[in-house]
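Asks: The following block contains a protein sequence and its predicted model.
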Amino acid sequence: MTAALETSGLGKSYGRGASAVSALGALDLSIPKGIVYGVLGPNGAGKSTLLRLALGLVKPSRGSVRLLGEQTIDARVLRRVGAMIEAPALYPFLTARETMHAFARYSGLNDPAREDAVLARVGLTGAADRKARTYSMGMRQRLALGAALLARPELLILDEPTNGLDPAGIQEMRTLIRELVDQEGVTIILSSHLLDEVQKVCDRVAFINRGQLVSEGKVSELVAGQGSLFIRATPLAKAMAVLGARGRVDGDGIIAAVAEEALPALIRDLVSAGIDVFEARWMTQSLERVFLSTMGGAQ
Ligand code: ATP
């Protein structure tokens with residue numbers, strides 16, 4: 001299957017000569033379709049630059065980018081893509097319904113039913129006849145997302161979609177993003193520095209630092225505790241005797257360094273030693289810890 005976005009040796013420098021700023025080094029990425037993909041990194045890492053390059057808003061200085069399999073980023077391929085870059089520019093004196101209509105006309109769409117369906121999709125039906133200036137930040141963000149959804153895009157590119165939102169707004173946006181991907185098969189590429197949020201909403205992530213790819217992978221694999229098992233068993237001392245140097249007591253349980261292949265034998269040993277095992281689970285670490293350790297290694 002063609003990737004949603006593919007970059008090869010992609011680089012961008014702003015300015016020329018001695019004052020040139022390298023925003024992106026030489027990025028090789030392949031973002032599959034059908035998932036939520038997070039581009040993460042500290043301020044100035046190059047996240048927005050990557051999204052702008054993907055949309056053809058800025059031209060690469062080096063390398064190439066393919067959007068939905070197309071090497072030329074023109075109006076034809078951009079019709080298949082919705083984007084929310086920077087703070088949404090909405091018309092404060094238009095209602096949500098009027099806003100949708102204006103964006104629909106701008107995109108050459110004449111489908112009032114679609115406008116209503118999108119308003120419902122982003123949860124604004126009840127507020128559709130209120131002017132956007134009376135909206136909360138979360139509602140504005142959802143209205144902007146609605147505008148990006150009007151033309152039924154296959155791919156949505158969202159730069160910091162939860163920027164400026166309160167916890168309830170973040171949660172609404174997260175639910176909406178997951179629904180669009182899980183129920184409607186849209187692919188979403190978003191940038192963020194809210195790692196906790198990203199962990200909850202993204203399937204895969206790329207960590208970028210100073211324009212370089214530091215690590216990339218499935219969120220579930222990145223947060224998997226490498227070989228750390230939490231065991232709750234009694235008597236604890238007897239379980240520790242079985243584990244020996246592999247275990248250390250932590251609260252009412254034991255944290256053990258065990259390879260996955262060695263787990264069945266360990267459970268058998270515990271049980272045959274007369275130990276009651278109440279819990280044995282692989283520990284996960286937060287994406288934030290993974291991020292900090294990979295970024296630390298990248299300095
Ligand atoms: P943030 O989270 O702060 O938005 P970011 O990861 O999106 O950061 P970019 O906005 O892509 O990072 O910026 C990467 C680097 O390129 C930064 O050093 C930034 O100052 C620089 N940069 C971005 N746009 C321009 C521009 N138009 N002209 C000059 N330098 C730029």
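Replies: Arrived safely, thanks for sending.
Asks: switch to C-alpha atoms for all contacts and neighbour counts from now on
Replies: Will do.
Asks: Relative to A280, how far out is G251?
Replies: Applying C-alpha to C-alpha, to the nearest Å, the value for G251 to A280 is 14 Å.
Asks: ok, the two, which is more surrounded?
Replies: When neighbours are counted by other C-alpha atoms under 10 Å, G251 and A280 differ, and A280 comes out ahead with 17 against 8.
Asks: residue ranges with poor pLDDT in the protein?
Replies: Along the chain, the model assigns pLDDT under 70 to residues 87-88, 225-227, 296-299.
Asks: who does the residue sitting nearest the centre point of it bridge with?
Replies: For the chain, the residue whose C-alpha lies nearest the mean C-alpha position (C-alpha atoms, centre = their mean) is G38; its distance is 2.7 Å. Note on G38: beta-bridge partners L190, V205, judged by DSSP bridges.
Asks: show me what contacts it?
Replies: Residues counted as contacts of G38 (C-alpha atoms under 8 Å, 6 or more residues apart in numbering) are I189, L190, S191, S192, V198, C202, D203, R204, V205, A206.
Asks: can you check L94 too?
Replies: Contacts here follow C-alpha under 8 Å, 6+ apart; on that basis L94 touches R130, K131, A132.
Asks: And for the second one, the neighbour number?
Replies: For K131, the neighbour count with other C-alpha under 10 Å is 17.
Asks: Now it. Its backbone dihedrals?
Replies: When read as degrees, to the nearest 10, the backbone of K131 gives phi -70, psi 140.
Asks: Just list whatever residues bridge to it.
Replies: Legend: beta-bridge partners of K131 under DSSP bridges are T95.
Asks: Next one: it from A96, what distance?
Replies: When distance is defined by C-alpha to C-alpha, K131 is 7 Å away from A96.
Asks: D182 now?
Replies: Taking C-alpha to C-alpha as the measure, D182 and A96 are separated by 25 Å.
Asks: So between the two, which is more surrounded?
Replies: Using other C-alpha under 10 Å, the more surrounded residue of D182 and A96 is A96, with 30 against 14.
Asks: Contact partners for L180?
Replies: Residues in contact with L180 (C-alpha under 8 Å, 6+ apart) are V186.
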